[in-house]
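Engineer: take this sequence and fold it.
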Amino acid sequence: MAKLTIKNLHVGIEGKEILKGVNLEVKSGEVHAIMGPNGTGKSTLASALMGHPKYEVTEGEAYLDDKNLLEMEVDERARAGLFLAMQYPAEVPGVTNADFMRQALKATSGKDVGLFEFAIRYEKRVEELKMRPDLAHRYLNEGFSGGERKRNEILQLKVLRPKFAILDEIDSGLDVDALKIVGENVSDLVNDQFGCILITHYQRILDYIKPTNVHIMIDGKIVLSGGQELIQKIDKQGYEWIKDELGIDFVEGE
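Structural biologist: Next up, the predicted model:
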């Protein structure tokens, strides 16, 4: 069983502190949903864990099993088994999806994958996500709709099979059908070798990816943890009730 451990993590950008002591432990087989208003640090957590150079870790620890993530470069974190599905996947003109994925698989696994073996695996995943059959020959995310980019992120996840995935608002921009396809494909991945952190604003993706744990992030900290009851309460009341229940004052977007 793998474990991702975050202890007292403080992260800033350009001198402004955004994360103010995040504590979280995720084990394989678990899905941890992190919810909260805009601007409370959810995406910052994802970027900092993956090693985005814009974010400065000023205090705290982050480990994948016994490996110190904060001492690793981005590519080393990926090879250790960490994956980030980004909120806004970038275009890479001139590089086909298939070439990108085969090289990524080689880089993370440390071994070359035969062309025929890769093609079979890749085409099966494309079919499972109901994507266009010519996907392998298209340039990475170039000319893709928002929904196609999100499905392509999940395709990469299914091919690479990391230990942990951080899914940053994968429901953003998805229509009802695409949401169901993406949600069910992620849910099928969860087992005793894989766990994930699911960052979202909305309850709808959680209809398909059932979290084992739910956390509310406010002002750079996880202020409340629980289960399905938190999702239901947020769906009915939003986040305003937290101000009264926990005595926390916040302005969404700050």
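
Engineer: please report the distance of T108 from K3.
Structural biologist: 19 Å (CB to CB, to the nearest Å). From N, CA and C alone the C-beta is placed, and that goes for glycine too.

Engineer: show me what contacts G15?
Structural biologist: Not one residue lies near G15 by CB atoms under 8 Å, 6 or more residues apart in numbering.

Engineer: try S47
Structural biologist: Neighbouring residues of S47 by CB under 8 Å, 6+ apart: 54-55, 84.

Engineer: can you tell me which of these is closest to L174?
Structural biologist: Sorting these by distance to L174 puts L84 at the head of the list, at 17.8 Å, by CB to CB.

Engineer: what helix or strand is the closest one located in?
Structural biologist: The secondary structure element spanning L84 is strand 82-85 (assigned by DSSP states H and E).

Engineer: what's downstream of that strand, the next helix or strand?
Structural biologist: Elements were assigned by DSSP H and E; along the chain past strand 82-85, the next helix or strand is strand 92-96.

Engineer: for the residue nearest the centre of the chain, give the beta-bridge partners.
Structural biologist: For the chain, L167 is the residue whose C-alpha lies nearest the centre (CA atoms, centre = their mean; 1.7 Å). With DSSP bridges as the criterion, the beta-bridge partners of L167 are A85, L198.

Engineer: does it really touch F194, like I thought?
Structural biologist: No. With contact defined as CB atoms under 8 Å, L167 does not reach F194; the gap is 12.0 Å.

Engineer: rewinding a little: okay, T108 and K3: which has more neighbours?
Structural biologist: Under the criterion of other CB atoms under 10 Å, the comparison of T108 against K3 puts T108 first, with 19 against 16.

Engineer: roughly how far apart are the more buried one and L82?
Structural biologist: Applying CB to CB, one obtains 10 Å for the distance of T108 from L82.

Engineer: check contacts around the closest residue to M50 other than its chain neighbours.
Structural biologist: Spatial nearest neighbour of M50, chain neighbours left out: L84 (4.4 Å); criterion: CB to CB, 6 or more residues apart in numbering. Applying CB under 8 Å, 6+ apart, we find L84 in contact with 46-47, 49-50, 165-166, 168.

Engineer: from G173, how far off is L84?
Structural biologist: From L84 across to G173, the span is 17 Å (CB to CB).

Engineer: same check on N23?
Structural biologist: Between N23 and G173 the distance is 31 Å, computed by CB to CB.

Engineer: same check on F144?
Structural biologist: Spatial separation of F144 from G173 under the definition CB to CB is 11 Å.

Engineer: those two: which has the busier surroundings?
Structural biologist: Neighbours per residue (other CB under 10 Å) separate F144 from G173, with F144 holding more: 20 against 16.
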